[in-house]
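J.: Have a look; sequence and predicted model below, questions after that.
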Amino acid sequence: MLAEPVIVAILVACVVLFVAAVGLRASPDDALGLVRQRGVLARSLLAMFVVMPAAAAFVARTFDLLPAVEIALVSLSLSPVPPLLPGRMLKAGSERSYAVGLLVAAAAVAIFYVPAAVFLLARVFQLSVSISPVNVAIPVASTVLAPLLAGMAIRRLVPGFADRAAQPLAAAAGAILGIGLVAVLVATWPTITLLLRNGTLVAFVAFSVAGLAVGHLLGGPAPGNRSALALSTAARHPGVALVIARANFPDQQMILPAILLYLCVTALATTVYLALRQRDRMAHTA
């Protein structure tokens, strides 16, 4: 199997490039746009931060999963920052201020939410788990906030360059992600096949579909923003999830393959969802 640091480096590079590309097209008003819409913000955070952990707990109790899969599932549910999706959210018809504002709001809230949620989870289930806010702040700040702010700063200083660079940067991120995932899947496939037991694949599909459904229902009347929240609720931050899992269960070697498997499941589920939404839009405009 590829060394874990190599896999993490590929994921981090993709996240940083995707978010930087969004920043090159965003303004400060975009970043703060969602703060001015309190009702929309409340529904969005409810879907991403409250409903998904509850869904993960339900799925974990319903299916007879391997311990590493349960840990990955719960860790993912507590990692509600969707750094790979802003471009897809915009293509789905989301307003730029909503897509960028949701990214910023989720990142800011996650720094405080994740440690508190892990603490509460430990108290409820009598587990010896914890996570430092610093350990959450580092991956969130370095992979989401910093590249977003850097892109926005470049746009303010040299807007012409930002316009020219945004699309190639996003394309480079997509290419790295595609090639990297193929290489990682080939290298980790023997381990992943061990996870495809005891309902793991069905559990991941159920969790992803739950995220899409909840986000769609709570996304409000604007069709584009509804699709954006569906994507954001189903997607989770693999880096934050890995930090949570590794900090508390360092001996579980199958956690990373489980997280990678969920990323693949979510990618397929969101692709199907977007295709259905596109078909609906075409039907309404016909």
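T.: Good, I have the coordinates. Numbering: from 1, shown residues only.

J.: just the helices in the stretch 1-150 of the chain please.
T.: Here the stretch 1-150 of the chain has its helices, by DSSP state H, counting those that start in this stretch, at 4-23, 28-32, 38-45, 52-62, 67-77, 86-91, 96-125, 133-140, 146-157.

J.: How far does the third one sit from its chain's centre?
T.: On the basis of Cα atoms, centre = their mean, to the nearest Å, helix 38-45 is displaced by 18 Å from the centre of the chain it belongs to.

J.: That helix packs against which elements?
T.: helix 96-125, helix 223-234 (3 or more Cβ pairs under 8 Å, 6 or more residues apart in numbering; DSSP states H and E). In short, each C-beta sits where N, CA and C put it, glycine included.

J.: one more time with 10 Å
T.: helix 96-125, helix 200-218, helix 223-234 (3 or more Cβ pairs under 10 Å, 6 or more residues apart in numbering; DSSP states H and E).

J.: The ones you listed into a markdown table, with extra columns for mean neighbour count, distance to A72 and mean pLDDT?
T.: Shown next, in a markdown table, are those (neighbours: other Cβ atoms under 10 Å; distance: least, Cβ to Cβ, whole Å; pLDDT from 0 to 100):
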| stretch | mean neighbour count | distance to A72 | mean pLDDT |
| --- | --- | --- | --- |
| helix 96-125 | 19 | 14 | 79 |
| helix 200-218 | 21 | 9 | 93 |
| helix 223-234 | 26 | 15 | 85 |
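
J.: Out of the helices of the stretch 1-150 of the chain, the one nearest L261 is which?
T.: helix 67-77 (8.3 Å; Cβ to Cβ).

J.: between that closest one and helix 96-125, how big is the angle?
T.: Here the directions of helix 67-77 and helix 96-125 differ by 130 degrees (axes from the mean of the first three to the mean of the last three Cα atoms, to 10 degrees).

J.: Report the buried residues of helix 67-77.
T.: The neighbour-count check on helix 67-77 (16 or more other Cβ atoms under 10 Å) flags A68, V69, E70, I71, A72, L73, V74, S75, L76, S77 as buried.

J.: Summarise which helices and strands that helix is packed against.
T.: So helix 67-77, by 3+ Cβ pairs under 10 Å, 6+ apart, packs with helix 52-62, helix 96-125, helix 159-195, helix 200-218, helix 238-248, helix 255-285.

J.: Show me the shaky parts of this structure.
T.: Along the chain, the model assigns pLDDT under 70 to residues 1-4, 82-95, 124-130, 284-286.

J.: repeat that with 50
T.: Within the chain, no stretch has pLDDT under 50.

J.: List the contacts of A166.
T.: Counting by Cβ atoms under 10 Å, 6 or more residues apart in numbering, A166 touches A20, A21, V22, G23, L24, R25, A26, G87, G151, I154, R155.

J.: List buried residues within those residues.
T.: A20, A21, V22, G23, L24, R25, A26, G87, G151, I154, R155.

J.: show me the contacts for the second one.
T.: This means A21. Counting by Cβ under 10 Å, 6+ apart, A21 has contacts 86-87, 147-148, 151, 162, 165-174.

J.: One more pass at 7 Å, please.
T.: Counting by Cβ atoms under 7 Å, 6 or more residues apart in numbering, A21 makes contact with G87, G151, A166, L169, A170, A173.

J.: The second one and G160: what is the separation?
T.: Spelled out, it's G151. Distance of G151 to G160, computed by Cβ to Cβ, to the nearest Å: 14 Å.

J.: and what of the third one?
T.: Relative to G160, A166 is positioned 11 Å away (criterion: Cβ to Cβ).

J.: what about D64, neighbour count?
T.: Look at D64: counted by other Cβ atoms under 10 Å, it has 13 neighbours.

J.: Next, it: phi, psi?
T.: Per-residue torsions, D64: phi -90, psi 80 (degrees, to the nearest 10).
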